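*Asks:* here is my input, please return the structure:
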Amino acid sequence: MRYKVRIIGDPILRKKAEPIVTFDKKLRKFVDDMIDVMYVEDGIGLAAPQIGFSRRVVVVDASELVKNEYPRGFINPEIIEFSEETDVREEGCLSIPGVHEEVVRSTRIVVKYQDEKGREFTEAYSGWLARILQHEIDHLNGILFVDRISPVKRNLLITQKAIPAQF
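*Replies:* Residues are numbered from 1 along each chain as shown. The predicted structure follows:
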């Protein structure tokens, strides 16, 4: 099955995603499909709403940015702790093609999540992986990275027609 990345303006990107309750072969296949879509689209992260499914699933492959990292899925992820320390880095998004802006994010987070088998984990992440997870988990809550930039920059993007006025 071919999935299409949803673009800013699609209402599913603004919905809070529903939790996964069934952990079976279909879920494992879906996570594998999400990883494939992420690679085809040249991304480093993808949330299920971005391909039209309002479910709490994200996949991440930060192996080019983080040593000893590998592609994996996070089911029902929840950030339970944010560091006070932040940094500013440029972000982009498969659902907002051609737009890259600086976003402030916590440098360290603690995430509670499940794997494809339903096992629960609580792990700390820092650096790029923390940033990617914050971005992708935002998608599960109907938040886009352009919601986290200054109103002045956001209005400039609207004026330049890089993003729709009603997004």
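*Asks:* which residues sit against the strand of greatest length in the chain?
*Replies:* Looking across the chain with DSSP state E, the single longest strand is strand 72-82. Defining contact as C-beta atoms under 8 Å, 6 or more residues apart in numbering, one finds that strand 72-82 is touched by 19-20, 23, 27, 31, 34-35, 56-61, 106, 108-116, 118, 122, 124, 133-134, 136-137, 140. Every residue, glycine included, has its C-beta placed from N, CA and C.
*Asks:* now do the SS call for the residue positioned nearest the centre of the chain.
*Replies:* Nearest to the geometric centre of the chain sits E136, at 1.4 Å (C-alpha atoms, centre = their mean). At E136 the chain is in helix, as set by DSSP: H, G, I helix; E, B strand; the rest coil.
*Asks:* helices of this protein, start to end?
*Replies:* Assigned by DSSP state H, the chain shows helices spanning 25-40, 127-140, 151-159.
*Asks:* nearest to K67, of those helices?
*Replies:* helix 127-140 (10.5 Å; C-beta to C-beta).
*Asks:* could you list the low-pLDDT ranges of the protein?
*Replies:* By pLDDT under 70, the weakly predicted segments of the chain are 1, 66.
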